[in-house]
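1. Can you look at this prediction? I've put the sequence above it.
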Amino acid sequence: MSPAEVRFGELTADFGKTANDYARHRAGFPDEFFKRLEALGILRAGIRALDLGTGTGTIARGLAIRGCEVTGLDRSAALMEQAAELDRVAGAAVKYVNAAAEATGMAAAEFDLVTAGQCWHWFDRPRTAAEARRVLKPGGRLVIAHFDWIALPGNVAEATEKLIEKHNPKWKLGGGLGIYPLWPRDMGVAGLVNIETFSFDLDVIYTHEAWRGRVRASAGVGASLAPQQVAAFDDELRAMLAERHPEDPMRVMHRVFAAIGVAP
């Protein structure tokens with residue numbers, strides 16, 4: 001595997017291959033996610049935050065806009081280049097570092113907050129949880145978060161997942177509930193305490209074009225298939241949307257989930 005590649009089961013993915021679609025079409029965490037962190041006293045101006053697996057910086061940028069001093073960490077230089085451009089447009093300041101979540105190279109007890117958005121399953125989870133505890137100040141928080149489409153019978157997410165599985169049998173990430181009961185256990189094993197979770201649902205509006213871009217930017221398509229395979233998938237997705245889900249723009253059900261642990 002190259003330094004930028006990640007693996008889940010038999011699937012090897014490099015999100016740098018789909019960095020342009022990722023930056024344009026993968027919806028960042030909604031405002032309500034940050035408002036919940038603020039209401040819990042986790043997010044406040046002036047704190048130091050480390051965003052693991054930052055990708056195109058959706059959480060890092062949201063924290064920076066709200067007054068945090070943020071470092072975004074990822075193994076993909078291509079994604080962080082896109083993140084820096086999005087930051088420039090948004091007027092956000094984030095420091096980006098090319099490193100692994102399991103070995104950040106950061107000093108011990110350096111951060112008030114460590115976040116990991118949409119990426120915990122790609123890591124060596126025990127090592128990453130231990131590393132997060134190491135770099136957190138006493139009383140600091142680790143927040144593991146997800147923002148997933150939810151496949152239900154007959155909806156566009158279910159039809160899309162079936163199409164991904166057809167084109168890439170190694171992709172085994174479909175059918176998720178958007179709830180991750182193992183993540184609190186990872187925190188507990190690492191010694192984090194006072195663990196809690198929250199989740200909520202919302203619809204995200206996508207045009208057909210934007211949904212195709214969003215799906216091309218997923219692990220099972222643009223991050224793991226050859227360009228000609230991606231093109232074939234995209235053609236079939238375009239036809240499926242026109243035939244079975246003609247509403248354009250359309251609503252796609254999503255679920256936000258977060259697990260929160262405190263460093264003792």
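-> Received, thanks. Numbering: from 1, shown residues only.

2. Next SSE downstream of the longest helix seen in the chain?
-> Ranked by residue count, the top helix of the chain under DSSP state H comes out as helix 227-244. Next helix or strand after helix 227-244 toward the C-terminus (DSSP states H and E): strand 250-262.

3. Which strands or helices does that following strand pack on?
-> helix 31-39, strand 136-149, helix 156-167, helix 182-189, strand 193-206, helix 208-216 (3 or more CB pairs under 8 Å, 6 or more residues apart in numbering; DSSP states H and E). Yep, even glycine has a C-beta here, placed from its N, CA and C like the rest.

4. Which one of the ones you listed lies nearest to Gly91?
-> Within the helices and strands packed on strand 250-262, the stretch nearest Gly91 is helix 31-39; the backing value is 16.1 Å (CB to CB).

5. what helices or strands is that closest one leaning on?
-> helix 58-65, strand 136-149, strand 193-206, strand 250-262.

6. Turn these into JSON lines, including mean pLDDT, mean neighbour count and distance to Glu243.
-> Below are the helices and strands packed on helix 31-39 laid out as JSON lines (pLDDT from 0 to 100; neighbours: other CB atoms under 10 Å; distance: least, CB to CB, whole Å):
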{"stretch": "helix 58-65", "mean pLDDT": "97", "mean neighbour count": "24", "distance to Glu243": "32"}
{"stretch": "strand 136-149", "mean pLDDT": "98", "mean neighbour count": "21", "distance to Glu243": "20"}
{"stretch": "strand 193-206", "mean pLDDT": "98", "mean neighbour count": "14", "distance to Glu243": "17"}
{"stretch": "strand 250-262", "mean pLDDT": "98", "mean neighbour count": "20", "distance to Glu243": "13"}
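
7. Throw those into TSV and include distance to Arg127, thanks.
-> Below are the helices and strands packed on helix 31-39 laid out as TSV (distance: least, CB to CB, whole Å):
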stretch	distance to Arg127
helix 58-65	21
strand 136-149	14
strand 193-206	19
strand 250-262	16
